[in-house]
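Participant: have a look at this prediction, sequence included:
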Protein chains: 2
Amino acid sequence: MSGLRARQKADRHRRIIEAAAALFRDAGYEGAKIETIAAQAEVSVGTIYNYYQNKGDILGAIVSMEVNEVLIAGQDVVANPPANVGDALDTLLGIYIEHSLHYLSKEMWRQAMAISTQLPDSPFGQAYTALDRALTEQIRALIARLQALGLVRCDIDWQALGELVFNNMNMMFIEFVKRDEARIAELRAAIRRQNRILVAAIAV
Amino acid sequence: MSGLRARQKADRHRRIIEAAAALFRDAGYEGAKIETIAAQAEVSVGTIYNYYQNKGDILGAIVSMEVNEVLIAGQDVVANPPANVGDALDTLLGIYIEHSLHYLSKEMWRQAMAISTQLPDSPFGQAYTALDRALTEQIRALIARLQALGLVRCDIDWQALGELVFNNMNMMFIEFVKRDEARIAELRAAIRRQNRILVAAIAV
DNA sequence: GGAAAAAATTGAACCAATTCTAAAATTGAG
DNA sequence: CTCAATTTTAGAATTGGTTCAATTTTTTCC
């Protein structure tokens, strides 16, 4: 069952993703023709559609890798948060934001976000929603941790608060990728300013 | 200059929008072929492209009408807000949300949102961003009004707070339109729960 | 080792948005 | 009323994502 066929399959997956990632970066998502990706990956167009339901799912696979890395990096912050609520939030969200343009260009993010709202039931659409939820859960976990450490009032609704913080950051990030000239430093500063209101309300 | 030609132009605009709106609702955005819209509106395909840059811009025109109506309705709340911070926010956001599915189906919203992130520099992309900003400004105005009425602490950063409230609502709304089975009542309840944290922090 | 079954690959065909072109219609100015 | 400018029109051409029937490769089983 897991012989030559499985190895070839994994290899083709890899080749397709690598070819697509290079072309998306190089020519942009729209500019990257399936035909070109196929040629670069040394498979046929039909094979690509055998591996991914549509063009968006190829991008989706790349985005998922990126976000999963970020989730791993975030675990450290949750485990050992700075001893100050504002800094703790800033550190975690900072990791998300600073990582974000590592593998993905703003244009790729725009496309990924667009596809995830356009086709919420496609494989990628569902995966993207799951990733958002995972990020929300991590922020919630951080807040719960800060509560356990006695840094956040324990009567605070950490679930609602986690959502609030994530939703705000995510929306700010969407606006950030929509403007090519927007800078990461300004994005972080704006989010810090918004979170300051919350921090004042929830810190012990 | 503004004789018959201008009237016919306005009339064609109207016919195209009406035909498109009906078809988008009926067959969905993807299902509505430009050819069919053209036939329904009694113009040619070329004429549609003379009036709108692309299919998305047609949807954009419909979305803009919807949001502009909502902005008008919101003015009343800002002028005469309920004498309670939580209720005031709930009333304003409630208007936005309750109106939202009046002319537009969830699928139309999904497409509109997708296009606005996918093509932020297209006519519709820019218009959509402007509408978001207008909604944010209205929320900010409400908060400033509540401050003036002595219901909100005056040391609160109303600009950052307005953004925070809008961003959270908008993100919740995006998730709402992504799930066909999601209900308006639940959406409002979730947003109320999140805003409760803020209200506790800012109310006098 | 070889035949039959199962799975995967291929590239040509299909579809809908968009663009383009040449002809026809409409308008406003003089 | 006539003419030049602008707009509309029909439809053909283009483009790129997606599908599909035929073929090839891999596996399974004897």
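Facilitator: Nice, thanks for sending it over.

Participant: for the rest of this, base every contact and every neighbour count on C-alpha atoms.
Facilitator: OK.

Participant: does DNA strand D sit close to the helix or strand that contains residue A:144?
Facilitator: For residue A:144, the enclosing helix or strand under DSSP states H and E is helix A:123-148. No - taking Cα under 7 Å from any atom of the strand as the criterion, helix A:123-148 and DNA strand D are apart, separated by no less than 12.1 Å.

Participant: so what does that helix touch, helix or strand wise?
Facilitator: With contacts defined as 3 or more Cα pairs under 8 Å, 6 or more residues apart in numbering or on different chains; DSSP states H and E, the secondary structure elements packing on helix A:123-148 are helix A:55-79, helix A:85-99, helix A:106-118, helix A:158-178.

Participant: to chain B, which of those helices lies closest?
Facilitator: Shortest separation from chain B across these is recorded for helix A:106-118, at 4.0 Å, computed as Cα to the nearest Cα.

Participant: could you check the angle helix B:158-178 makes with the closest one?
Facilitator: Between the axes of helix A:106-118 and helix B:158-178, defined by axes from the mean of the first three to the mean of the last three Cα atoms, to 10 degrees, the angle is 50 degrees.

Participant: what distance separates helix A:106-118 from the middle of the whole chain?
Facilitator: From the chain centre to the centre of helix A:106-118 is a distance of 11 Å (Cα atoms, centre = their mean, to the nearest Å).

Participant: send me that helix as PDB with only the CA atoms.
Facilitator: Presented in PDB, the C-alpha positions along helix A:106-118 are these (Å, rounded to 0.1, in the frame of the first residue of the first chain):
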ATOM      1  CA  LYS A 106       0.700  40.600   0.600                       C
ATOM      2  CA  GLU A 107      -0.800  39.700  -2.700                       C
ATOM      3  CA  MET A 108      -0.900  36.000  -1.800                       C
ATOM      4  CA  TRP A 109      -2.500  36.900   1.500                       C
ATOM      5  CA  ARG A 110      -5.200  38.900  -0.300                       C
ATOM      6  CA  GLN A 111      -6.000  36.100  -2.600                       C
ATOM      7  CA  ALA A 112      -6.000  33.600   0.300                       C
ATOM      8  CA  MET A 113      -8.300  35.700   2.300                       C
ATOM      9  CA  ALA A 114     -10.600  36.300  -0.600                       C
ATOM     10  CA  ILE A 115     -10.800  32.600  -1.500                       C
ATOM     11  CA  SER A 116     -11.600  31.700   2.100                       C
ATOM     12  CA  THR A 117     -14.600  34.000   2.200                       C
ATOM     13  CA  GLN A 118     -15.600  33.300  -1.400                       C
END
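
Participant: check which residues of the helix holding residue A:144 are buried.
Facilitator: Using 16 or more other Cα atoms under 10 Å in any protein chain shown as the test for burial, helix A:123-148 gives A:123-125, A:127-129, A:131-132, A:135-147.

Participant: same question, stretch A:182-193
Facilitator: Applying a neighbour-count criterion of 16+ other Cα under 10 Å, the buried positions in stretch A:182-193 are A:184, A:187-188, A:190-193.

Participant: go on, stretch A:152-171?
Facilitator: Of all the residues in stretch A:152-171, those buried under the rule 16+ other Cα under 10 Å are A:152-154, A:156-171.

Participant: residue A:17: neighbouring residues, count only.
Facilitator: For residue A:17, the neighbour count with other Cα atoms under 10 Å in any protein chain shown is 19.
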